[in-house]
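>>> Whatever this is, show me its structure:
(chains A and B)
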Amino acid sequence: MSLIEPDLEKQLQQIQRGTAEIIPENALVEKLKKSIKNNKPLTVKLGLDPTAPDIHLGHTVVLQKLRQFQDLGHQIIIILGDYTGRIGDPTGKSETRKQLMTAELMENAATYQQQIYKVLDAEKTKIVFNSEWLAPLTFEQAINLASKYTVARMLERDDFQKRFKTNLSIGIHEFFYPLMQGYDSVALKADIELGGTDQKFNLLMGRHLQKEYHQEQQIAVMMPILEGLDGTNKMSKSLGNYIGIDEPPHEMYGKIMSMPDQLMLRYFELVTSESVEEIARIATGLQDGSRHPRDIKMRLAREIVSIYHSVQAAKQAEEHFKQVFQQHKNPDEMPVFKITGAVIEDGKVVLPKLLATAKLVSGTSEARRMVKQGAVRINGVVVEDVNLRFVPEPETIIKVGKRKFIKLQAP
RNA sequence: GGAGGAGUUCCCGAGUGGUCAAAGGGAUCAGACUGUAAAUCUGACGGCUAUCGCCUUCGUAGGUUCAAAUCCUACCUCCUCCA
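Numbers count the residues shown, from 1 in each chain, chains lettered A, B, ... in the order given. Okay, the predicted model is just below:
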């Protein structure tokens, strides 16, 4: 059993760092005091909706906060919302979400478990499925649960309200989502529930229900929502503006370098463990021009890759980036493509077919398009002929666009 | 239960018999520039094809027509209103 960090101030500071809101803050202090006094860890809960098979940096904002709780000695519990997932969280949605099939949910859940341990300490993490207590509820119990909240209050939620006002449909079952999530807190007797700011309603529902069921109320700790690579929308798999924590170092590094400059500080704050003071220094440096945005961004990329891979992998990714994008040189390593009969005609390699077969482009039409746009180079020379046929020399290097390379190998 | 509306290319969204591979925006990709795969500007953006060409696409299945995303029939899905 790990010990609880005895310094209240230290705990508070750690918990508050980066948070958007804590409701209510004074109750948190009380809980912490009690926990320290009895050396009894607080139960910290996070619900994950297993709809996305890949965890991305957006999820890690909350996970990292959980990790901090772990390090402070508290017990964290991850709830995989296999049962709630059947409804789909209506939060922020303008339309009813489709319900996922159980098999699909289970598969996603398994992936989640693999991935969250890149941030969390596996030894100290408890994972539960909420079907455990939600599935056995009788209809009567479900009705009882539903009676603990009113339609009017439910409609206060702005996503429901918007849909209601604009005559978009709201399924009755969607009202159950917050109720069920709140009931999770009752089932676990949670002390703290973590979530993004978009989860405010659901987190508060937990407090409400706990009160109804005569329990001590949990504290809602909310983290800001991380913007995705486009700089405006929240990071999400479905918007394609995400960085998955499973992605290879090169990819991750490159994606970070491609984010809008204005997003950098946000990432420092929410996905790295850089101190608040240092982030402030960086901000000043950027503002007065004493620091170069590119260098700051590279540092950010280095730090993030280090977290999810290693310091060394980060260095390599950086070298690769410099070489390919700053000096426009070929990378040290590139995929090798063995020439096959399919791309040869009359003893010559047909370029469009080659590009398509090597998956450098999606098809021969796109291959021709790329050549037309001057995006294709053979050994550094821009190709002009859309339908080029050629006999490759050994070690011929083909480049498409800025970042796709292959090295040809004779059959 | 009754009445009405909608389903278009990755997304949003125009298009109501030929001039439609289908406006516009977004996303994406490429080129230029650069400080980076930022920003900005320009261009491309169904597939196949050694340029004129061919094939597939507008919810699904049929039909009318020389010709349909556009008209008709049935079906599926979604939405709204009345009860």
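>>> What are the contacting residues of stretch A:112-119?
A:48, A:50, A:53-55, A:60, A:63-64, A:66-67, A:78, A:80, A:125, A:127, A:245-246, A:308 (Cβ atoms under 8 Å, 6 or more residues apart in numbering). Yep, even glycine has a C-beta here, placed from its N, CA and C like the rest.
>>> For it, what does the pLDDT average out to?
Predicted confidence along stretch A:112-119 averages 84 (mean pLDDT).
>>> Ok, stretch A:49-61 next?
Rounded mean pLDDT across stretch A:49-61 is 79.
>>> is it up against RNA strand B anywhere?
No - using Cβ under 7 Å from any atom of the strand, we find that stretch A:49-61 stays clear of RNA strand B, coming within 14.9 Å at best.
>>> chain center to that stretch, what's the gap?
4 Å (Cα atoms, centre = their mean, to the nearest Å).
>>> Quick check: end-to-end length of that stretch?
15 Å (Cα to Cα, to the nearest Å).
>>> Likewise for stretch A:242-262?
16 Å.
>>> Equivalent analysis for stretch A:42-60, please.
Using Cα to Cα, the two ends of stretch A:42-60 sit 21 Å apart.
>>> Let me see the contact set for the residue nearest to A:K338 when sequence neighbours are not counted.
Distances taken as Cβ to Cβ, 6 or more residues apart in numbering place A:Q409 nearest to A:K338, at 4.9 Å, with adjacent residues excluded. Residues near A:Q409 by Cβ under 8 Å, 6+ apart: A:V336, A:F337, A:K338, A:I339.
>>> what about 10 Å?
Listed by Cβ atoms under 10 Å, 6 or more residues apart in numbering, the contact set of A:Q409 reads A:V336, A:F337, A:K338, A:I339, A:P392, A:P394, A:E395, A:T396.
>>> separation between A:L263 and RNA strand B?
8 Å (Cβ to the nearest atom of the strand, to the nearest Å).
>>> and the gap between the closest residue to that residue other than its chain neighbours and A:D191?
Once flanking residues are discounted, A:L263 sits nearest to A:G231: 5.0 Å by Cβ to Cβ, 6+ apart. Distance, A:G231 to A:D191, using Cβ to Cβ, to the nearest Å: 36 Å.
>>> If you count surrounding residues, which of these two has more?
Using other Cβ atoms under 10 Å, the more surrounded residue of A:G231 and A:D191 is A:D191, with 24 against 13.
>>> The residue of the stretch 251-400 of chain A found nearest RNA strand B - how many residues pack around it?
Closest to RNA strand B within the stretch 251-400 of chain A is A:G254: 2.0 Å, counting by Cβ to the nearest atom of the strand. The number of residues packed near A:G254 is 19, by other Cβ under 10 Å.
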